[in-house]
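[1] below are the sequence and a predicted model; questions follow.
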Amino acid sequence: MPNRAREVVERLGRFRRVGLIDLPTPFRKLERLSTALGGPAIYVKRDDLTGLALGGNKSRKLEFIVGDMLVKKADAVVTWGSLQSNWCLQTAAAAREFGIRPVLILFKTYDLEPGLDGNLFLEAILDADIRIRDAEKGKVVRPERAMAVLEETAAELRATGLKPYLVPVGGSLPMGDMTLPLGAVSYVGAFAELLRQAGDAGIRLDAVIHATGSGGTQAGLLVGARALAEGCRVVGISVSNPRGPFSADVLSIARATDDALGLRLDIRPDDVIVLDEYIRKGYGIVDRDVAEVIRLVFQTEGIVLDPVYTAKAMVGLVDLIRKGYFKATDNLVFFHTGGVPALFPNRKIILELLARA
């Protein structure tokens, strides 16, 4: 292991961490998809196979965040997300492993058929305390509003003798009881893991492409790339937030992550690449491109994408390749961040869109 990578791994080891997942996650070339698109070589990093609650990128984050909960002796965790939040499911599963009560505030940011399905179904099996709130359709709930609801809930829990730990959606922005960007810290480690796998395969990394929603994954990958692979771009395909304010969030989290690790990288605004044109009609709203790319990747590579995050990121990747955004000689890595349970409550609209194609 090169000295710089060893230093980063040692710095990550200073944080309390619990074992939740199976690492490293798989890394391989998408041969048939690369051929079908006729562009750069596309590889995939399978963080949908982390192993906790059907997998996903939030599981890496929770190894550090649950570690912090245990340090702070919490016996309940309160967080928020959308109605089919992958983050909330994985938080509930991780909390239950350590005897911590999960309380989930779920905002109805998109319309789905009523009833327990997808992530909601699994959260019910976990006996999570689920509290559903109305919200503006197609928009994510701003952290300020969500934290006010979390504070109300925490006061209720404290009155019953519990010690709640408040954590923001995605474990991204340092808020509530999470005073350090622990979610992003975990993705510095994920980038180091990816770089080792690419090095073992003799592959130079030119760009990492992924769905970006709350900013922690992108910030961590960015810090990892700046520390370990200066020429590698990290391209976030936004699924929810406009480029301007969201880029500022990613920059803030990345700088906080750099400070937490003591790497002194001087993260700059132009290091942050957020593309927001693939949000289309809004957060969680499925269109024909999403349905078709789910079928394309499933048929060519046997990999299932979700309709809220990874399919929108893949729509972006396919479009960018066709527009010549990347060089034909580039090696691209698509970071699969999970979310498969959200396919099932969206099955009706996906099948209808595919039938019209």
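    In hand now; what should we look at? Residues are numbered from 1 along each chain as shown.

[2] assign residue 133 to helix, strand or coil.
    strand (DSSP: H, G, I helix; E, B strand; the rest coil).

[3] quick check: it touching residue 146?
    No. Using CB atoms under 8 Å as the test, residue 133 is too far from residue 146 to be in contact (9.0 Å). (Each C-beta comes from the backbone N, C-alpha and C, glycine too.)

[4] which residues do the two both contact?
    Jointly contacting residue 133 and residue 146 under the rule CB atoms under 8 Å, 6 or more residues apart in numbering are 105, 107.

[5] so those two - more neighbours on which side?
    Counted by other CB atoms under 10 Å, residue 133 and residue 146 do not tie: residue 146 has more neighbours, with 22 against 15.

[6] check which element follows whatever helix or strand that one lives in along the chain.
    Here residue 146, judged by DSSP states H and E, is contained in helix 143-159. Going down the chain from helix 143-159, the next helix or strand is strand 164-166, by DSSP H and E.

[7] tell me the domain boundaries of this protein?
    For the chain, automatic domain parsing gives the domain ranges 3-57+181-356, 61-171.

[8] give me the contacts around the helix holding residue 146.
    Contacts for helix 143-159 (CB under 8 Å, 6+ apart): 76, 78-80, 103, 105, 107, 131, 133, 164, 166, 168-169, 173, 175-176.

[9] where does the residue lying closest to residue 254 once chain neighbours are set aside sit: helix, strand or coil?
    Nearest residue to residue 254, sequence neighbours excluded (CB to CB, 6 or more residues apart in numbering): residue 219, at 4.0 Å. Following three-state DSSP, residue 219 is assigned to helix.

[10] residue 219 and residue 172: what is the separation?
    7 Å (CB to CB, to the nearest Å).

[11] quick check: neighbours shared by the two?
    181, 184, 253.

[12] helices along this structure, start to end?
    Taking DSSP state H as the test, the helices found in the chain are 3-12, 31-37, 58-71, 86-97, 118-125, 143-159, 182-200, 216-228, 243-261, 288-301, 310-322, 347-356.

[13] how about the ones you listed in CSV, adding mean pLDDT and distance to residue 277?
    Shown next, in CSV, are the helices of the chain (pLDDT from 0 to 100; distance: least, CB to CB, whole Å):
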stretch, mean pLDDT, distance to residue 277
helix 3-12, 90, 33
helix 31-37, 96, 19
helix 58-71, 98, 25
helix 86-97, 98, 23
helix 118-125, 96, 27
helix 143-159, 95, 24
helix 182-200, 97, 24
helix 216-228, 98, 16
helix 243-261, 97, 9
helix 288-301, 98, 12
helix 310-322, 98, 8
helix 347-356, 95, 20
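
[14] do you know which of those helices lies nearest residue 336?
    helix 310-322 (5.7 Å; CB to CB).

[15] and the closest one, what's buried?
    Going by neighbour count (16 or more other CB atoms under 10 Å), the buried part of helix 310-322 is 310, 311, 312, 313, 314, 315, 316, 317, 318, 319, 320, 321.

[16] for residue 168, give its distance to residue 201.
    With CB to CB as the criterion, residue 168 and residue 201 are 36 Å apart.

[17] quick one: buried residues of stretch 244-264?
    Buried, per 16+ other CB under 10 Å, within stretch 244-264: 246-247, 249-258, 260-261, 263.

[18] likewise for stretch 158-171?
    Buried residues in stretch 158-171, counted by 16+ other CB under 10 Å: 162, 164, 165, 166, 167, 168, 169, 170, 171.

[19] looking at these, spot the one nearest residue 16.
    Using CB to CB, these come closest to residue 16 at residue 165, 13.2 Å.

[20] my read: that closest one touches residue 74, true?
    Yes. Look at residue 165 against residue 74 with CB under 8 Å: they come within range, at 3.6 Å.

[21] overlap in contacts of these two?
    100, 177.

[22] residue 189 reaches residue 9, doesn't it?
    Yes. Contact criterion CB under 8 Å: residue 189 and residue 9 qualify, at 7.2 Å.

[23] who has more neighbours, these two?
    The residue with more neighbours, out of residue 189 and residue 9, is residue 189; 22 against 15, by other CB under 10 Å.
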